[in-house]
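1. Predicted coordinates and the sequence they were generated for:
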Amino acid sequence: MNLNSLDLNLLTALDALLREANVSRAAMRIGLSQPATSHALQRLRDIFGDPLLVRTGARMELTPRAQALRAPLAQALDQVRGLFVPDEFDAARSERPFRLMMPDLAVELLMPPLMEKVTRLAPNVRIDVVPWRGPAIFHAEFARTIDLVISIGNAFKGFHRQLLYTDADALAVRRGHPMGAKLKRRETFLAARHVGVIIRGNSEDLIDTWLRTEGIERHISLVVSGYLEALHVSARTDLVAFVPRRLIAALSKQLGLVTVTPPFDPGIDEQFMFYPTRAQMDPGSIWLRRLMLETGRELEKKGS
């Protein structure tokens, strides 16, 4: 193909069409009229020799060729946009949005002190936090839509990893719990009723996975999807939560919780900061990563 004859605006239109699989929504995404977007689609069909979008019943679907174009096109557009990214990030003037993904415990521990720094240094920057969606989400398209991920676990393809802070698990019970400190004993722990936390992407509570390797099975009476939910339930019932110690400490006064050392030691939890490889040299990403690492170091200094 002769690139001199190619209108690069067509690539932006193609990206919108492939993402939306709908001419009207694609038009809104790129700020064109629907007729102009339909015309762009026809030109793209002529260039690729493929219909790209076909009607199936009441909706449009991407052809196999169009599906195959999504990832390389998005990558190519990212590289083109990178040519125009300024070499410096002016935090005080920036209105850049950042998108982060993390579980509820990381939001509770990290976001208040992080936002104090952001508000002071970059008052017009916006932080969007989305819930943890499990390791299966880590693919090339996801890496283009996220700036930072906070999670335990191994490295994910297309992402760099840095240690943020460490933690250990402990038992949380309401103040005045009938078992209280006795939960340090194995027999009391096993007799107690527990609330389990199964976060998205897991089939069971990670604590129970570890306990099973020790030949131990606790009595789970309730399962919730987040650590904050578990602590709120424990604060108002006699259920025992086995959760990160730092989170209990952060909410103990507010919820009336007491921390109890468990009779079993599951070891150290490591929370990592992941960021896309593509953003390694991006000034804005570097700025945000530095703030997050600073926040993690401050949390680490507080102790358990």
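-> Sure thing, it's come through. Residues are numbered from 1 along each chain as shown.

2. List the residues that contact the closest residue to Pro103 other than its chain neighbours.
-> Computed as Cβ to Cβ, 6 or more residues apart in numbering, the closest residue to Pro103 that is not its neighbour in sequence is Trp132, at 4.1 Å. Using the backbone N, CA and C atoms, a C-beta is placed for each residue, glycine as well. Contacts for Trp132 were tallied using Cβ atoms under 8 Å, 6 or more residues apart in numbering; they are Met101, Met102, Pro103, Asp104, Ser151, Ile199, Arg200, Gly201.

3. Show me the domain layout of the chain.
-> Structural domains assigned to the chain are 3-83, 97-163+272-303, 166-268, following the TED database.

4. residue closest to the middle of this protein?
-> Centroid check for the chain by Cα atoms, centre = their mean gives Met101 as the closest residue, at 1.9 Å.

5. can you pull the contacts of it?
-> Val129, Val130, Pro131, Trp132, Arg133, Ile137, Ile146, Leu148, Val149, Ile150, Ser151.

6. These in strands, which ones?
-> Val129, Val130, Pro131, Leu148, Val149, Ile150, Ser151 (DSSP state E).

7. which pair in these spans the largest distance?
-> Pro131 and Leu148 (14.1 Å; Cβ to Cβ).

8. Give me the more crowded residue out of these two.
-> Leu148 (22 against 14; other Cβ atoms under 10 Å).

9. Can you name the residues bridging to that one?
-> Beta bridges link Leu148 to Leu100 when assigned by DSSP bridges.

10. shouldn't it be in contact with Leu100?
-> Yes: at 4.7 Å, Leu148 counts as touching Leu100 under the criterion of Cβ atoms under 8 Å.

11. would you list every one of the helices in the stretch 1-150 of the chain?
-> 9-20, 23-30, 34-48, 64-82, 104-121, 140-143 (DSSP state H, counting those that start in this stretch).

12. Take these and write them to a markdown table, including mean pLDDT and distance to Gly267.
-> Formatted as a markdown table, the helices of the stretch 1-150 of the chain follow (pLDDT from 0 to 100; distance: least, Cβ to Cβ, whole Å):
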| stretch | mean pLDDT | distance to Gly267 |
| --- | --- | --- |
| helix 9-20 | 91 | 42 |
| helix 23-30 | 89 | 47 |
| helix 34-48 | 93 | 54 |
| helix 64-82 | 87 | 38 |
| helix 104-121 | 96 | 17 |
| helix 140-143 | 77 | 29 |
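
13. Of those helices, which is nearest Phe189?
-> Nearest of those (Cβ to Cβ): helix 104-121, 21.8 Å.

14. Okay, now the unreliable bits of the chain?
-> 1-5, 85-87, 303-304 (pLDDT under 70).

15. longest single strand anywhere in it?
-> strand 159-174.

16. what are the pairing partners of it, and which direction each?
-> Counting by DSSP bridges, strand 159-174 is paired with strand 240-244 (antiparallel), strand 257-260 (antiparallel), strand 268-276 (antiparallel).

17. deepest of those strands, which one?
-> strand 240-244 (a mean of 26; mean count of other Cβ atoms under 10 Å).

18. and the angle for the following helix or strand past that strand with helix 104-121?
-> For strand 240-244, the succeeding helix or strand toward the C-terminus, using DSSP states H and E, is helix 245-255. Counting by axes from the mean of the first three to the mean of the last three Cα atoms, to 10 degrees, helix 245-255 points 80 degrees away from the direction of helix 104-121.

19. before we move on, back to that, among the helices of the stretch 1-150 of the chain, which is nearest Arg245?
-> helix 104-121 (10.8 Å).

20. contacting residues for the closest residue to Glu20 other than its chain neighbours?
-> Distances taken as Cβ to Cβ, 6+ apart put Ala26 closest to Glu20, at 4.4 Å, once the chain neighbours are dropped. By Cβ under 8 Å, 6+ apart, the contact set of Ala26 is Ala13, Ala16, Leu17, Arg19, Glu20, Thr37.

21. how much space between the residue nearest to the centre of the chain and Phe89?
-> 21 Å (Cβ to Cβ, to the nearest Å).

22. same check, this time on Met179
-> Distance from Met179 to Phe89, by Cβ to Cβ: 52 Å.

23. likewise Ile47?
-> For Ile47, the distance to Phe89 - Cβ to Cβ - is 37 Å.

24. neighbour-wise, which of the two wins?
-> Phe89 (18 against 15).

25. Spatially nearest residue to the more buried one (excluding sequence neighbours)?
-> That would be Pro283: by Cβ to Cβ, 6+ apart, it lies 3.7 Å from Phe89.

26. Could you check how many residues crowd around that neighbour?
-> Pro283 has 16 nearby residues by other Cβ under 10 Å.

27. Repeat that for the one 3 residues further on.
-> A count of neighbours around Ile286, defined by other Cβ under 10 Å, yields 14.
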